[in-house]
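1. Pasting the sequence and the predicted coordinates here, then a few questions.
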Amino acid sequence: MPTVGMHLDSATVILFALLVKVLLAFLFFVFWFRRRRAIWFAWWGGSLLLGSVTASIIVARGFAPDFFGLGIAVACLIASFGCCWLGARAFERRPPLWLPFFAPILLWLAASLVPALFEPRPYRVILSSLLVSPLAALTAYEFWRGRGERLPSRWIVTALFASFALFFAARIPLVMVAPFPFGSLPMQPAWMSAFNMILFFHTVILAVLLVAMTKERLEFEQRMAAYTDPLTGAANRRAFAVRGRRLLARHERNQQELCALFLDIDDFKPLNDRLGHAGGDGVLRRFVEIVLDNIRPTDFLFRIGGEEFCCLLPQTGALQGQWVAERIRHQVETAAFEVVGVEANVTVSIGVASTALAGYDIEALLRAADSALYAAKRWGRNRVVIADTKEHAAVRPAAKRL
């Protein structure tokens, strides 16, 4: 009687997991229909459906080693993990790779047609584990590769897929010492229930976290939109106030110098009047491209308003900032600005100030750079000027060449 009870428990777990997977798959497809750009929900919904097919075949036919039973069931399981991987690639905005997706499925189906390979249980356990484990590991790797996008749920999702990979890989050394499905010894209901419970809880927790991670990305994109200038893609003045204060506070704690460049496109209003708003917008976008090409990835560019921009250069002194500013000035002066079919000559004036002069107050630093910028305008434009007094009343012009 205890044995029969354990068998029922195992079947109950499989059936319950099957129903939950079907429900989760339905919800994932609903998410995809509501937001078609989120193609990863379609892949993950397909993964859950394929897992449900696996469970259905096993409930209907058991673990008999025949092609239309266990052969198809495990092929669906492999395809399920393959869909997880392709879903992860879609989430990280990478294209699908079809060969690594189809190759394990076809290899398993081919082996299922060879009795010498398929009928011995140890061979089936080893081969299925060798095919499933790398797909789970690849899924974990895809999420880990995208760690630059700081989503709180990312690390847990990565860890769970890595544990999936280790779980299936561990079946290989256990093949001759543990009961099926952990190994290849005669199946015991308690071990079967434990195996299915592990898969079930992994699946449910991952489904919740994958939805959470998508929501976190949406919230992150909304925050980024609030801090981004829609025309140029540069950060806006609101971002300057928030990130600038944080950046200066960190430099003050570490007693490091930071440099600000205040940039203003020369005679932009006449240029905008001549080229029209579309032409003026094109000049601004091209200008931002040139600036970004001439600063480090760790530097920050903000559009303060109109044709005024500010760069914050972490761990940079005034002389280093002057060199960067002069490089930008030179690149802008020599660049081709062809907008709305018209070539335009564009120059920029730049004021430079550092925390060594203005201290670690973001507004004071901007005022110092602004004073230097106005001096550059007074002295003929298309030049770099460094603020060099506490009151910013006196400034000294930098050399107008590299």
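-> Cool, the structure landed. Numbering: from 1, shown residues only.

2. From now on I want contacts and neighbour counts done on CA atoms only, so please keep to that.
-> Noted.

3. next helix or strand past the biggest helix by length in the chain?
-> Determined from DSSP state H, the single longest helix within the chain is helix 189-226. Next along the chain after helix 189-226, taking DSSP states H and E as the criterion, comes helix 237-254.

4. downstream neighbour of that following helix in the secondary structure list?
-> From helix 237-254, the next helix or strand downstream (DSSP H and E) is strand 259-265.

5. and after that next one, which helix or strand comes next?
-> helix 268-293.

6. Just the buried positions in that next one, please.
-> 268, 271-272, 275, 279-284, 286-288, 291-292 (16 or more other C-alpha atoms under 10 Å).

7. who does Val384 bridge with?
-> Per DSSP bridges, the residues bridged to Val384 are Ile350.

8. Surely it touches Val324?
-> No - counting by C-alpha atoms under 8 Å, Val384 sits too far from Val324 to count as a contact (10.0 Å).

9. Between those two, point out the one with more neighbours.
-> Between Val384 and Val324, counting by other C-alpha atoms under 10 Å, Val384 is the more crowded of the two (32 against 21).

10. Could you measure from that one over to Val242?
-> Applying C-alpha to C-alpha, to the nearest Å, the value for Val384 to Val242 is 27 Å.

11. low-scoring stretches of this structure, by residue?
-> Scanning the chain for pLDDT under 70 picks out 1-11, 340, 389-402.

12. which residues in it form helices?
-> 2-34, 40-61, 72-91, 98-112, 115-118, 121-145, 154-169, 189-226, 237-254, 268-293, 318-334, 355-358, 362-378.

13. gap between the third one and the chain center?
-> This points to helix 72-91. Averaging C-alpha coordinates over helix 72-91 and over its chain gives two centres that are 21 Å apart (C-alpha atoms, centre = their mean, to the nearest Å).

14. So which of the buried residues of helix 268-293 is the closest to Ser349?
-> Phe268 (11.4 Å; C-alpha to C-alpha).

15. who touches stretch 156-164?
-> Residues outside stretch 156-164 that contact it (C-alpha atoms under 8 Å, 6 or more residues apart in numbering) are 133, 136-137, 139-141, 143-144, 202, 206, 209-210.

16. Now do the domain split for the chain, please.
-> 2-226, 237-397 (automatic domain parsing).

17. so who does the closest residue to Ala212 other than its chain neighbours touch?
-> With C-alpha to C-alpha, 6 or more residues apart in numbering as the criterion, Ala212 has its nearest non-adjacent residue at 6.9 Å, and that residue is Ser153. Residues near Ser153 by C-alpha under 8 Å, 6+ apart: 209-210, 212-213.

18. As JSON lines, those with neighbour count would be great.
-> Output for the contacts of Ser153, formatted as JSON lines (neighbours: other C-alpha atoms under 10 Å):
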{"residue": "Leu209", "neighbour count": "17"}
{"residue": "Leu210", "neighbour count": "22"}
{"residue": "Ala212", "neighbour count": "16"}
{"residue": "Met213", "neighbour count": "18"}
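
19. now, which of those sits nearest Glu119?
-> Glu119 lies nearest to Leu210 out of these, by C-alpha to C-alpha, at 37.1 Å.

20. The spatially closest residue to the closest one that is not a sequence neighbour - how many residues pack around it?
-> In this structure, Leu210 finds its nearest non-sequential neighbour in Val157, 7.3 Å apart by C-alpha to C-alpha, 6+ apart. Val157: 23 surrounding residues under other C-alpha under 10 Å.

21. I'd like the distance between Val157 and Ala207.
-> In this view, Val157 and Ala207 are 9 Å apart by C-alpha to C-alpha.

22. hey, what's in contact with both of these two?
-> By C-alpha under 8 Å, 6+ apart, Val157 and Ala207 have no common neighbours.

23. about what we covered before: from the buried residues of helix 268-293, which is closest to Gly62?
-> Leu292 (61.4 Å).

24. which residues does that closest one contact?
-> Going by C-alpha under 8 Å, 6+ apart, Leu292 touches Leu301.

25. still on that earlier bit, same list as before, the contacts of stretch 156-164 that is, but in a markdown table and with distance to Phe337 included.
-> Conversion of the contacts of stretch 156-164 to a markdown table gives the following (distance: C-alpha to C-alpha, whole Å):
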| residue | distance to Phe337 |
| --- | --- |
| Ser133 | 53 |
| Ala136 | 49 |
| Ala137 | 48 |
| Thr139 | 44 |
| Ala140 | 45 |
| Tyr141 | 42 |
| Phe143 | 40 |
| Trp144 | 40 |
| His202 | 55 |
| Leu206 | 50 |
| Leu209 | 47 |
| Leu210 | 44 |
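
26. My read is that Lys377 contacts Ser349, right?
-> Yes - counting by C-alpha under 8 Å, Lys377 does reach Ser349; the two are 6.6 Å apart.

27. more crowded one of the two?
-> A count of neighbours by other C-alpha under 10 Å puts Ser349 above the other of Lys377 and Ser349, at 27 against 19.
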